[in-house]
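Q: Fold the following and give me the result.
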Amino acid sequence: LILKATEPQMVLFNIFDDWLKTISSYTAFSRLILILRSLHVNPDRTKAILRPDTTVITQPHHVWPSLSDEQWIRVEVSL
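A: Sure, this is the predicted structure:
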């Protein structure tokens, strides 16, 4: 989005994506902190965990990969 910009524009992102539809706000906040801390410690490993193969996609209006709840649990344990 930023790289394709041709003019200044205000864009609002929800850093929790659609997580709050299926999990509590506490769990979503904990997941976000876990991801951000792991990105700080080892960015390359974190990116590999979040996107283990090319079949994992990120929806255009999301920040994080679109994973099922079970996949997110595995990611959280790996991080």
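Q: rest of the way, CA atoms for contacts and neighbours
A: Fine.
Q: I'd like the next helix or strand past the longest helix belonging to the chain.
A: Looking across the chain with DSSP state H, the single longest helix is helix 25-41. Note on helix 25-41: by DSSP states H and E, the next helix or strand toward the C-terminus is helix 43-50.
Q: For residue 25, grab the count of nearby residues.
A: As a burial measure, residue 25 scores 13 neighbours (other C-alpha atoms under 10 Å).
Q: cool, and the one 3 residues further on?
A: Here the number of neighbours of residue 28 (other C-alpha under 10 Å) works out to 18.
Q: in the longest helix of the chain, what counts as buried?
A: Using 16 or more other C-alpha atoms under 10 Å as the test for burial, helix 25-41 gives 28, 31-32, 35, 38.
Q: Greatest separation within the residues you listed: which pair is it?
A: Largest separation among the buried residues of helix 25-41 by C-alpha to C-alpha: 28 and 38, giving 15.4 Å.
Q: Flag the shaky bits of the chain, pLDDT-wise.
A: 1-2 (pLDDT under 70).
Q: Repeat the analysis, applying 90 as the threshold.
A: Within the chain, the ranges that satisfy pLDDT under 90 run 1-15, 17-18, 51-63.
Q: picking that back up, against which helices or strands is the longest helix of the chain packed?
A: When contacts are defined as 3 or more C-alpha pairs under 8 Å, 6 or more residues apart in numbering; DSSP states H and E, helix 25-41 sits against helix 43-50.
Q: same for the helix it packs on, what does it pack against?
A: Applying 3+ C-alpha pairs under 8 Å, 6+ apart, one finds that helix 43-50 contacts helix 25-41, helix 69-78.
Q: now those helices in a markdown table, with distance to residue 51?
A: Output for these, formatted as a markdown table (distance: least, C-alpha to C-alpha, whole Å):
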| stretch | distance to residue 51 |
| --- | --- |
| helix 25-41 | 13 |
| helix 69-78 | 10 |
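Q: of all those helices, which lies closest to residue 13?
A: For residue 13, the closest of the helices and strands packed on helix 43-50 is helix 25-41, at 14.0 Å, according to C-alpha to C-alpha.
Q: tell me how far that closest one is from the chain's mean position?
A: 9 Å (C-alpha atoms, centre = their mean, to the nearest Å).
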